[in-house]
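1. Provided below for reference: sequence and predicted model.
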Amino acid sequence: MAKPSAGRPNLDGNAVRTQRTRERILAVSLALFNERGEAHVTTGMIADELNISPGNLYYHFRNKDQIVERLFERFEARVSIGLPDTAPGAGAIEDLWLYLHLMFEAIWDYRFPIAISTTSSDAIAACARTSTRSSMRSSRQRRPFAGVSCPGGS
């Protein structure tokens with residue numbers, strides 16, 4: 001029998017499969033929540049996407065709220081890194097750039113709590129692109145995109 005490595009518990013095959021299934025559930029849930037919005041995804045949809053029974057999903061997570069809580073814990077862990085302590089200068093700017101890059105990457109990966117659907121985010125981007133062109137028009141001519149109001153629009 002192999003010795004457990006330092007700091008790691010000795011897991012049998014069943015525990016490894018259980019952990020792997022939990023990870024798959026979280027990964028697929030995150031993808032679905034980001035794509036459709038958390039409110040528009042059911043546990044049945046998650047189970048269907050994974051080709052597992054809803055009962056198997058409930059074995060690992062009691063409900064969708066528990067999945068969301070676990071995903072939020074992961075998001076918190078990713079963004080809880082502090083700013084690096086560096087001396088002023090070019091190195092500090094590079095460290096800050098890396099820090100901001102990591103923060104924005106985490107926000108993008110866990111964007112579902114922001115509750116902006118793909119349609120709305122496309123509308124916001126379109127609004128941003130056209131805001132300078134439409135600044136000359138009267139506010140009555142500007143229209144909201146997909147339920148998102150542009151600045152100065154209704």
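-> Structure's in. What do you need? Residues are numbered from 1 along each chain as shown.

2. secondary structure of I81: a strand, I assume?
-> No. I81: not assigned to a strand; according to DSSP: H, G, I helix; E, B strand; the rest coil it is coil.

3. thought it was touching H101?
-> No. I81 is not in contact with H101 according to C-beta atoms under 8 Å; the separation is 11.9 Å. No exception for glycine: its C-beta is placed from N, CA and C like everyone else's.

4. L26 versus the closest residue in space to V41 that isn't next to it in sequence, what's the distance?
-> Closest residue in space to V41, ignoring its immediate chain neighbours: L32 at 4.6 Å, by C-beta to C-beta, 6 or more residues apart in numbering. For L32, the distance to L26 equals 11 Å [C-beta to C-beta, to the nearest Å].

5. same thing with R111?
-> Remark: distance between R111 and L26 (C-beta to C-beta) = 15 Å.

6. what's around the closest residue to R24 other than its chain neighbours, how many residues?
-> Using C-beta to C-beta, 6+ apart and skipping residues adjacent in sequence, the residue nearest R24 is L50, 6.1 Å away. A total of 16 residues lie near L50 under the criterion other C-beta atoms under 10 Å.

7. alright, that wraps it up for me.
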